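**Student:** Model the structure of this input:
(chains A and B)
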Amino acid sequence: MSTILNVVSVEKYYGTKVNLKKALDRIQFSVNVGEFVSIMGPSGSGKTTLLNCISTIDSISAGHIYINNEDLAALPLEKMAAFRRNNLGFIFQDFNLLDTLSIEENIALPLSIKNIPAKEIQQSVQLLMQQLGITDIASKFPPQVSGGQKQRCACARAFINRPKLILADEPTGALDSVSTGQILTLLTELNRQEQATILMVTHDPLCASYGKRILFLKDGHLVKELHRGQMSRTDFYHAILSEISALGGEK
Amino acid sequence: MLKKLSKRNAKRQMVDYIIYIITLIVTVALLLSFNMIMFSSEIAVLLKEKSILPLIIVMVSILVVLIMSMLVNHITMFILKRRSKEFGLYMLLGIENRKIANLFVMENRSIHSIVLIIGLIIGTVLYHAIKAIICHIYAVPVQLSVDFSVKATILTLLYMSAIVFFTEVRTKRAFGKLTVKELLYLDNADIDETEKNKKGTVMRAVSAIAGVIGFAILLLSIFQSRSENEGLLAIVLIAISVYGLFTYLYRHFLSRLKNIKWKYAGKRLFIYRQLTAKMRSMLHLMAGVCILMTVALLIIDWGIFFAGKVDDRVNAVAFDVGIFSDDKNADFSQQLSYLRKTDKLNYSYEYRLFSDGNDTYFQQSQKAVRGKLGYSLSGADIDIFMSVSDYMNLREMLGLPKIAVDQQSYILHCSPAYITSLQAYVNENPVLLVGGISYRFGGIYSEDFLQQELPGNGNGVLIIVPDKAVSALDIQKQVLAITTRSDLSLAEINELSEINNNVDIVSKIGVRNQSAPMAVYMVLPAFYLAFVLCAVACTILSVQILSYAKKERRSYLTLNYLGVGVSQQKKLLKKHLLQLYFLPAIPAAFINILSFPMMTGSIAKNANGTLQIISLFSRIKQSFITVSLFLIFLMLYYVGTLIIYEHSIMNGQ
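**Tutor:** Residues are numbered from 1 along each chain as shown, chains lettered A, B, ... in the order given. Okay, the predicted model is just below:
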């Protein structure tokens, strides 16, 4: 199976020479096409920093990040936006939907930005909304729908472009347990049926158990990697809990 | 502790509301500079003893105080709403309402004190600029000096106190009534939607009816002369209809967004959704801003008309000096020797004006005036004649192009306003009978030729006939026309007129001195008021737009994640701001251009002495100048707002 993401000895420093903080220290891992990988770790472990570096929002201090064999460090600044537009999809904890756009328009926005013909946009959006069960709220605006529905919309917006990599930052952090289950099932289905490659940052073991592989970060280091293999999700969940207690607590 | 907090808040507020503060500073500067003009002895000498300028300045300043107190009140209540959570928290912490109100008032007072200090300094400089304009209008040299007027400063302080007094009372009253809960949720408070819709429907209906009646009156006035009051009513009705226009535009954009093909093309989806969202919450504000801009534009228009009037009237004199005598054997040698002594004399030419006792051409010329104004401007007068050779010499003296007239023809020279009616008359009656001989029509000319003053080369119209024809006419005036190498002073003209009290002297400097007060009384206060109105409109718009920056920042950040580059985002931002700024400005400019039939009649009526029927071309030219001036002003505020807006949204991306 081909590699979509390759993180090679990535380091990230913050602050001044006098007060230097190492947020990421020689991180190295890769993700294959169609994988669903979770990144876990306590607060301040560097999860979101790593995600931001992969998403080209933040720059790295050393090392390389390759997405689809493209070295992000070598990518000129003016091409970053186009790279994000064509290769990446984002799901955020607080949805980041535009309140001024309807649910349907929020999903259509990435295609509209890419100047895809209107007819094609409409067809793709309709199809995806049907798949995700949000057709009935298509004309509503974000403030008029529930958190779960907003996140479904955000998932659809992240996926409509068929990106090579979907980056999810605590996607269930603002949801109740029912909505959390629905969103994670949705992500699993997108991963299984549509071969979407997902990299999800979470601190919730239950969420992480939906992935096929888990990377544990602590103090900027990649300390452990856990594979689900043939384990059931429940067994994998327990394995995660044991690993967390072995590493010294969930957070 | 509270004082420290208040100081810090005032500092933060100054940064957040910099555009509002700049507007206040400029207003204080204007108030002071006009007050200094009012108390200036130098200006009083120029304007003569019984000038009405102080009265006009006081009236306009009171109007400015009223407008500014409305702006200060609007912005203060806006800030109160924006900071309601912070005040609610103070209340939760146990600080009494009265103390919080005092804290807020103190913050505002500190800002207003700084505004006052800077405004007073700038105002002193601005006074010199306004003084220079007045001196320029009177064509007298400007004398630079360091001026300070205690009276003007005290009056400005009084005005400023009046501006903030009303707001302070309202703020204290508002705080007295507010509860913790109300303050915590004030920012989210919204009017009941159904109530809003009901009010909206009524307002839409009223504005639609007002618009239809207003436009009907304006259209009618194109074909038929209407009274000034009707024109004014039309403008007021159209201004009211602005609310309906914005509702219509809002609905129009919404309906456009239903068209999938249209909305998904380019970046329209984002831009127009942002616009409709803003329009929804700013509908009343935009309509109000548009009305303010409309009124400001009409005042600028008025000011520009009168600003040009002085120069127009002076230019129409054509010769630097014209000396008219009823004595057909008048001797101008003394006047000429005086002018030679001044060493300013360039050319002089002596000629005669004649009459046949009829008033045919004069009456025909007045038809244009009567059609437009409903009455003749200067009552009955007679037709004035001149010989071709005198006319040619005078043309040469003025540097006008040479023309050919044969011995069987006559020509007319008239004010531009009379060309149409005179041309129509000579088309039907081309033959002129002088001393029993017929002369055919040979052309009509309308260059400046001393025809708009009394006495002059005919009262608006002059008939030029072959030299042999004038022998059959009565001599009306003996005239000496003079051009000088440099401008004569008013004192020199006075000395010239003292040589012989039986002659009438018309001079460029005299006419300038006569018509300058009109410009000073009309133009300066008009621009003063228009500036304040424009500034208030732009400030309200800017403050409102900038208050959205925090929310907008999130939207643009999302765009960034979705792959829209920073430069592209900046373009979107500029376009969005441009839409918000120009949406109220375009209808205002449109109303101004449309108002030309009304302005044509009413302004000409007020242009004492120098009648000009305003042609469509000159009206368009004036509208162009007015709208251009207004757009330059608008662009200043737009750029200022854009810099702050862009900085708060793009910073950190």
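
**Student:** Chain A versus the residue nearest the centre of chain B, what's the distance?
**Tutor:** The centre of chain B sits closest to B:Ile300, judged by CA atoms, centre = their mean, with a distance of 1.3 Å. Plainly put, B:Ile300 is 35 Å away from chain A if you go by CB to the nearest CB, to the nearest Å. To be clear about C-beta, it is placed using only N, CA and C from the backbone, and glycine gets the same treatment.

**Student:** quick one, what contacts that residue?
**Tutor:** Listed by CB atoms under 8 Å, 6 or more residues apart in numbering or on different chains, the contact set of B:Ile300 reads B:Ala526, B:Phe527, B:Ala530, B:Thr626, B:Leu629, B:Phe630.

**Student:** OK, contacts around the closest residue to chain A within chain B?
**Tutor:** When scored by CB to the nearest CB, chain B has B:Gly563 as its residue closest to chain A, at 2.5 Å. By CB under 8 Å, 6+ apart, the residues touching B:Gly563 are A:Ala81, A:Ala82, A:Phe83, A:Arg84, A:Arg85, A:Asn86, A:Leu88, A:Pro110, A:Ile113.

**Student:** Neighbour-wise, give me the winner out of these.
**Tutor:** Across these, neighbour numbers were computed from other CB atoms under 10 Å in any protein chain shown; A:Pro110 holds the maximum, 25 neighbours.

**Student:** any idea which helix or strand carries it?
**Tutor:** Using DSSP states H and E, A:Pro110 sits in helix A:103-113.

**Student:** Please apply the same query to A:Ile27.
**Tutor:** Assessed by DSSP H and E, A:Ile27 sits inside strand A:20-32.

**Student:** what's that strand in contact with?
**Tutor:** Under CB under 8 Å, 6+ apart, the answer for strand A:20-32 is A:1-15, A:37, A:46, A:49-50, A:53, A:60, A:63, A:165, A:197, A:199, A:215, A:217, A:219-222, A:225.

**Student:** Smallest distance to chain B belongs to which residue of the stretch 51-200 of chain A?
**Tutor:** Counting by CB to the nearest CB, the stretch 51-200 of chain A gets nearest to chain B through A:Arg85 (2.5 Å).

**Student:** Need the three-state assignment for that residue.
**Tutor:** Assigned by DSSP: H, G, I helix; E, B strand; the rest coil, the conformation of A:Arg85 is helix.

**Student:** and what of A:Tyr14?
**Tutor:** Note that with three-state DSSP, the state of A:Tyr14 is strand.

**Student:** that older thread, ignoring the adjacent residues along the chain, who's closest to the residue of chain B closest to chain A?
**Tutor:** Once its chain neighbours are removed from consideration, B:Gly563 has its nearest residue in A:Arg85; the separation is 2.5 Å (CB to CB, 6 or more residues apart in numbering or on different chains).

**Student:** Write out the residues of chain A neighbouring chain B.
**Tutor:** Near chain B, the residues belonging to chain A are A:55, A:57, A:78, A:80-86, A:88, A:90, A:96-101, A:105, A:108-113, A:115-119, A:121-122, A:157 when assessed by CB under 8 Å from any CB of the partner chain.

**Student:** Is B:Ile323 within a helix or a strand, and which one?
**Tutor:** In this structure, B:Ile323 is located in strand B:321-325 according to DSSP H and E.

**Student:** How about residues contacting that strand?
**Tutor:** Residues outside strand B:321-325 that contact it (CB under 8 Å, 6+ apart) are B:332, B:335, B:339, B:450, B:453, B:455-456, B:477-482, B:484, B:488, B:493, B:496, B:500, B:502-508.

**Student:** and what of stretch B:635-651?
**Tutor:** Contacts of stretch B:635-651 from elsewhere in the structure, counted by CB under 8 Å, 6+ apart, are B:18-19, B:22, B:535, B:538-539, B:541-542, B:545-546, B:549-550, B:552-553, B:556, B:566, B:569-570, B:573-574, B:577-578, B:581.

**Student:** Go again with 7 Å.
**Tutor:** Taking contacts as CB atoms under 7 Å, 6 or more residues apart in numbering or on different chains, the residues outside stretch B:635-651 that touch it are B:18-19, B:538, B:542, B:545-546, B:549, B:552-553, B:556, B:566, B:569-570, B:573-574, B:577, B:581.

**Student:** now do stretch A:85-92
**Tutor:** Residues lying outside stretch A:85-92 but in contact with it, judged by CB under 7 Å, 6+ apart, are A:55, A:67-68, A:113-114, A:154-155, A:158-159, A:161, A:163-169, A:171, B:561-563.

**Student:** what's the answer for stretch B:249-257, then?
**Tutor:** Contacts of stretch B:249-257 from elsewhere in the structure, counted by CB under 7 Å, 6+ apart, are B:Trp262, B:Lys263, B:Tyr272, B:Arg273, B:Leu275, B:Thr276, B:Met279, B:Arg280, B:Leu283, B:Leu583.

**Student:** could these be laid out in TSV, adding pLDDT?
**Tutor:** What follows is these, written out as TSV (pLDDT from 0 to 100):
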residue	pLDDT
B:Trp262	87
B:Lys263	87
B:Tyr272	90
B:Arg273	90
B:Leu275	90
B:Thr276	90
B:Met279	88
B:Arg280	85
B:Leu283	84
B:Leu583	90
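
**Student:** By neighbours, which of those residues wins?
**Tutor:** B:Arg273 (24 neighbours).

**Student:** one step back: give me the helices and strands touching the helix or strand that the helix holding A:Pro110 is followed by, please.
**Tutor:** The element immediately downstream of helix A:103-113 (helix or strand, assigned by DSSP H and E) is helix A:118-132. Counting by 3 or more CB pairs under 7 Å, 6 or more residues apart in numbering or on different chains; DSSP states H and E, the packing neighbours recorded for helix A:118-132 are helix A:103-113, helix A:147-159, helix B:260-263.

**Student:** Give me the buried stretch members for helix A:118-132, please.
**Tutor:** If you call a residue buried by 16 or more other CB atoms under 10 Å in any protein chain shown, then helix A:118-132 has these buried ones: A:Ala118, A:Ile121, A:Gln122, A:Ser124, A:Val125, A:Leu128, A:Met129, A:Gln131, A:Leu132.

**Student:** Tell me what angle that helix forms with helix A:147-159.
**Tutor:** Comparing the axes of helix A:118-132 and helix A:147-159 via axes from the mean of the first three to the mean of the last three CA atoms, to 10 degrees yields an angle of 130 degrees.

**Student:** Would you mind getting the angle between the lengthiest helix in chain B and helix A:103-113?
**Tutor:** Among the elements of type helix in chain B, defined by DSSP state H, the one spanning the most residues is helix B:268-317. With the same axes, to 10 degrees applied, the angle from helix B:268-317 to helix A:103-113 works out at 70 degrees.

**Student:** Show me what from chain B comes close to chain A.
**Tutor:** Contact residues (CB under 7 Å from any CB of the partner chain) of chain B with chain A: B:260-261, B:264-265, B:269, B:273-274, B:277, B:555, B:558, B:561-565.

**Student:** farthest pair in those residues?
**Tutor:** Using CB to CB, those reach their maximum pairwise distance at B:Lys261 and B:Tyr561, which is 26.4 Å.
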